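**Student:** sharing a sequence plus its predicted fold:
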Amino acid sequence: MISKSECVMSAMMSAAVRDKVNAVELLQNRADDMSLLETGYSFGANGSCTIRVVSDIEDRKKAWSLVYKMYAERGYAEPDEDGLWYGPHDTLPEACTLLVERDGEALATLTVTPDSSLGLAADQLYREEIDALRSRGRKPCEIISLASQEKNLRHGAEIVKHLFKLGYLAASRLMGATDFLITVNPRHVRFYERTLLLKRIGVEKEFSKVGGAPAVLLGLDLITAEQQYLAHYGDTEGSFYRFFVNPETEPELLNMMVRQHRLMEDADLRRYFIERRPIIENLPPAYRRHIETFYPSVSD
């Protein structure tokens, strides 16, 4: 039986991607497929790290808590008695939050959000630049709430690469986006430009959402991304292109993300976005009507 949340993800997929996911679903009784669905995508030394899509409020709180912890350490977040970082875009039924764990401890996270009547978080700073994409018929999506507490720089870069790989699949295959956007601190721009081949879209600005810290808008053309990686890294064994583009494992990863994706429980949405913080009441009317389909609490 397909859950309501799976219907949300399926509705955004192209027919070709849906065929890939359905083909893998037929093989779910295989031990390796079930392991991927149950434990997530493993990487690192001896598969010590796993990535999975958050599926319930406890998963979400792990991700929100990690983001708050890392942002507070950097002076991006104001004191919060709950110690959680979440906002309007976390109510998106279509949003995909990825959580990296090692030995059961939350290690890193990010959320991929499609464009909608809510807009993108980066619109606060870069509305003109993002509207320019929209005016050309592009479908931007955004990475938000990216945080990692890995202290080893090399390991941290590896974690981001794996998160980015799954985020790319969620954006390009499941959400049908054409552009991958992210706002980053200027000191991290070099990594994203040199390794992930993102390009600057906007000039450096101060972002009030993160305590006035400087931010730069970067983007990746998802339509040409694979060709860019092939041209830059080549098709040799072990290249970043081979890591990023893997037709053999892609269907299983897509299937995992679709099957693990779950909407919040209506009671959890009410608790965190209405009772604890009055986030819902400040959302655009068009967007409120959209999420009322999934969350009856919104109209109460």
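**Tutor:** Yep, it's here. Numbers count the residues shown, from 1 in each chain.
**Student:** I291 and E142: what is the separation?
**Tutor:** 18 Å (C-beta to C-beta, to the nearest Å). Just so you know, the C-beta spots here come from the backbone N, C-alpha and C atoms, and that holds for glycine as well.
**Student:** where in the stretch 201-300 of the chain is pLDDT low?
**Tutor:** Judged against pLDDT under 70, the stretch 201-300 of the chain has no low-scoring part.
**Student:** can you map out the helices along the stretch 51-200 of the chain?
**Tutor:** Secondary structure of the stretch 51-200 of the chain (DSSP state H, counting those that start in this stretch): helices at 57-73, 123-135, 153-169, 189-194.
**Student:** just to revisit the earlier point, out of I291 and E142, which sits in the busier spot?
**Tutor:** Using other C-beta atoms under 10 Å as the criterion, I291 and E142 rank with E142 on top: 25 against 22.
**Student:** what about L253, neighbour count?
**Tutor:** 21.
**Student:** tell me the contacts of it?
**Tutor:** L36, Y41, L166, L169 (C-beta atoms under 8 Å, 6 or more residues apart in numbering).
**Student:** switch to 6 Å and redo it
**Tutor:** Going by C-beta atoms under 6 Å, 6 or more residues apart in numbering, L253 touches L169.
**Student:** what does the one 3 residues further on give?
**Tutor:** For M256, the contacting residues are L36, L37, taking C-beta under 6 Å, 6+ apart as the criterion.
**Student:** where's Y41 relative to S148, distance?
**Tutor:** 16 Å.
**Student:** neighbours of the nearest residue to L230 once chain neighbours are set aside, just the number please.
**Tutor:** Closest residue in space to L230, ignoring its immediate chain neighbours: Y241 at 5.0 Å, by C-beta to C-beta, 6 or more residues apart in numbering. Number of residues near Y241 (other C-beta under 10 Å) recorded here: 19.
**Student:** which residue ranges form the strands in the protein?
**Tutor:** Under the criterion DSSP state E, strands of the chain are mapped to 41-43, 49-53, 96-102, 105-114, 140-148, 179-184, 199-200, 205-207, 213-221.
**Student:** reformat those strands as JSON lines; add distance to R262.
**Tutor:** What follows is the strands of the chain, written out as JSON lines (distance: least, C-beta to C-beta, whole Å):
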{"stretch": "strand 41-43", "distance to R262": "17"}
{"stretch": "strand 49-53", "distance to R262": "8"}
{"stretch": "strand 96-102", "distance to R262": "11"}
{"stretch": "strand 105-114", "distance to R262": "14"}
{"stretch": "strand 140-148", "distance to R262": "18"}
{"stretch": "strand 179-184", "distance to R262": "24"}
{"stretch": "strand 199-200", "distance to R262": "34"}
{"stretch": "strand 205-207", "distance to R262": "30"}
{"stretch": "strand 213-221", "distance to R262": "27"}
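**Student:** ok, which of those strands comes nearest W85?
**Tutor:** strand 140-148 (6.6 Å; C-beta to C-beta).
**Student:** quick one: contacts of that closest one?
**Tutor:** 66-67, 70, 89, 108-115, 120-122, 130, 133, 156, 159, 167, 171, 175, 177, 179, 181-182.
**Student:** same check, this time on stretch 184-195
**Tutor:** L198, E204, P214, V216, L218.
**Student:** TSV for these, including neighbour count and distance to P79?
**Tutor:** As requested, the contacts of stretch 184-195 are arranged in TSV below (neighbours: other C-beta atoms under 10 Å; distance: C-beta to C-beta, whole Å):
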residue	neighbour count	distance to P79
L198	23	32
E204	13	27
P214	14	22
V216	24	27
L218	23	30
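**Student:** how about the residues you listed, which pair is most distant?
**Tutor:** Farthest-apart pair in these is L198 and P214; separation 16.7 Å (C-beta to C-beta).
**Student:** closest one to A286 among the strands of the chain?
**Tutor:** Here strand 105-114 is closest among the strands of the chain (C-beta to C-beta), at 14.9 Å.
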